[in-house]
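A.B. asks: Need a 3D model of the following:
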Amino acid sequence: MSEHHQIVSDARGEPLPGSVGVRVRIQLSGCPSARWSRALRVNLSNELVGHVAVGHMRLNDIVQGDQIVLDGVEASEAPTLAGSLRRAVEATNRAEIGEQNLTANAEQEEADAVAHQVTLGDGPS
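C.D. replies: All right, here's what the predicted structure looks like:
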């Protein structure tokens with residue numbers, strides 16, 4: 001079963017003393033599951049790739065209760081954020097968010113080989 005949520009309010013801004021940008025809160029139609037929230041974070045991250053002024057945005061806890069909360073939104077990125085956010089919500093709603101068996105993208109042997117290449121020893125830095 002899929003989960004669907006919609007943006008139901010205009011954005012509201014709050015200052016972030018000591019930080020770059022502002023906090024933006026946007027009301028959702030309900031309280032999304034952790035899965036939906038993670039999917040939204042991924043979809044919004046994909047939407048924002050290549051945008052110049054998103055380096056200070058924090059998306060880890062993007063959904064808090066029944067709100068989308070974006071910290072570090074800079075004025076120069078604000079005009080394009082609305083479209084990116086709307087597309088991310090739509091993509092999240094289209095995705096199958098329900099419980100499903102996910103298959104690994106790599107076998108254990110391949111994962112170990114990749115991890116072995118990430119050496120934290122005395123090698124060159």
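
A.B. asks: Just give me how far stretch 69-77 sits from the chain centre.
C.D. replies: 13 Å (Cα atoms, centre = their mean, to the nearest Å).

A.B. asks: buried ones in that stretch?
C.D. replies: By 16 or more other Cβ atoms under 10 Å, the buried positions in stretch 69-77 come out as 69-74, 77. Backbone N, C-alpha and C define where each C-beta goes, glycine included.

A.B. asks: So for it, first residue to last residue, what's the gap.
C.D. replies: 16 Å (Cα to Cα, to the nearest Å).

A.B. asks: ok, now stretch 19-39?
C.D. replies: 26 Å.

A.B. asks: Which positions in that stretch come out as buried?
C.D. replies: For stretch 19-39, burial by neighbour count (16+ other Cβ under 10 Å) applies to 21-24, 26, 28, 32, 36-37, 39.

A.B. asks: residues near residue 11, how many?
C.D. replies: By the criterion of other Cβ atoms under 10 Å, residue 11 has 16 neighbours.

A.B. asks: With that, I have no additional questions.
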